[in-house]
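*Asks:* here is my input; please provide its structure:
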Amino acid sequence: MGRRRLRIPINLASEPFRNDRPVLAASLGGSIALGVLLVVLVSSIISARSRAANLRDTVDRLSRQVQVLSNRQAELDSALRQAGNAEVLDRSVLLNTLIERKSISWTRIFADLDKVLPYNVRLIYIRLPQITSQNRVTLDMVVGAQSPEPVFEFLRRVEASPLFGPAEVPVFMPPAQNEPLYRYRVSVSYAQKL
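*Replies:* Sure, this is the predicted structure:
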């Protein structure tokens, strides 16, 4: 019988061989990526600080302007509240209101409504046009028809017209014994130049 040899691997080196090259390469790549990311973040922070400083300067400048305008407004208000000026101010407000109301042409309102009003819709009532703080005219009217469909056609035409804005219908009244029409209250902005 033959002897079998047993092989026992023995490493007599003081430090055994390890293949660390892939680990070192990955570490170096990760370090470079982190370094680039650090540079990007630092530059982003510096840029954000610069923008914030510019924004603070702009806000401070605008705040000073608002303060100056507020002080000027307070001076003007106190001058207008004096006994002699209050009467002139009230008269001025009244005259300006009258001029605004006179600047609205009823003839033009009815001509523009005639362009969008179907033949089978009646204009029952129109209220005095209101002028908003943005100098826009709002029309409040009541229209009627034998059935709801012609009124819906009127609303579609109004909203499609460049002379009118979106229409609101806050109130609907069905036919009654003394009023055989479907009646709709319509509020719409009107683009007449003042």
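*Asks:* shaky segments in the chain?
*Replies:* Scanning the chain with the threshold set as pLDDT under 70 gives 1-3, 9-18, 192-194.
*Asks:* how is it carved up into domains?
*Replies:* Per automatic domain parsing, the structural domains of the chain span 21-81, 105-190.
*Asks:* any chance of these in TSV, plus distance to Glu87?
*Replies:* Glycine gets a C-beta too; all of them are placed from N, C-alpha and C. Below are the domains of the chain laid out as TSV (distance: least, C-beta to C-beta, whole Å):
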stretch	distance to Glu87
domain 21-81	11
domain 105-190	24
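*Asks:* Leu95: which of those domains is closest?
*Replies:* Of all the domains of the chain, it is domain 105-190 that lies closest to Leu95, at 14.6 Å by C-beta to C-beta.
*Asks:* confirm Pro170 sits in a strand?
*Replies:* Yes. Under DSSP: H, G, I helix; E, B strand; the rest coil, Pro170 sits within a strand.
*Asks:* what about it, how many neighbours?
*Replies:* As a burial measure, Pro170 scores 9 neighbours (other C-beta atoms under 10 Å).
*Asks:* and what of the one 5 residues further on?
*Replies:* As a burial measure, the neighbour count of Pro175 was computed by other C-beta under 10 Å and equals 13.
*Asks:* could I have stretch 40-59 exported to CSV, CA atoms only?
*Replies:* Taking C-alpha atoms only, stretch 40-59 is exported to CSV below (Å, rounded to 0.1, in the frame of the first residue of the first chain):
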residue,chain,number,x,y,z
VAL,A,40,-20.3,71.2,-6.0
LEU,A,41,-22.1,71.6,-2.6
VAL,A,42,-19.7,74.3,-1.4
SER,A,43,-20.1,76.3,-4.6
SER,A,44,-23.9,75.9,-4.4
ILE,A,45,-23.9,77.1,-0.8
ILE,A,46,-21.7,80.1,-1.8
SER,A,47,-24.0,80.9,-4.7
ALA,A,48,-27.1,80.6,-2.5
ARG,A,49,-25.6,82.9,0.1
SER,A,50,-24.8,85.5,-2.6
ARG,A,51,-28.4,85.3,-3.9
ALA,A,52,-29.8,85.6,-0.4
ALA,A,53,-27.7,88.6,0.3
ASN,A,54,-28.9,90.2,-3.0
LEU,A,55,-32.5,89.4,-2.1
ARG,A,56,-32.1,90.9,1.4
ASP,A,57,-30.6,94.0,-0.1
THR,A,58,-33.6,94.3,-2.5
VAL,A,59,-36.1,93.6,0.3
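*Asks:* now do that stretch: distance to the chain's middle.
*Replies:* Between the centre of stretch 40-59 and the centre of its chain there are 27 Å (C-alpha atoms, centre = their mean, to the nearest Å).
*Asks:* quick one: secondary structure of the residue nearest the centre of the chain?
*Replies:* Nearest residue to the geometric centre of the chain (C-alpha atoms, centre = their mean): Gln134, 15.7 Å. Classification of Gln134 using three-state DSSP returns coil.
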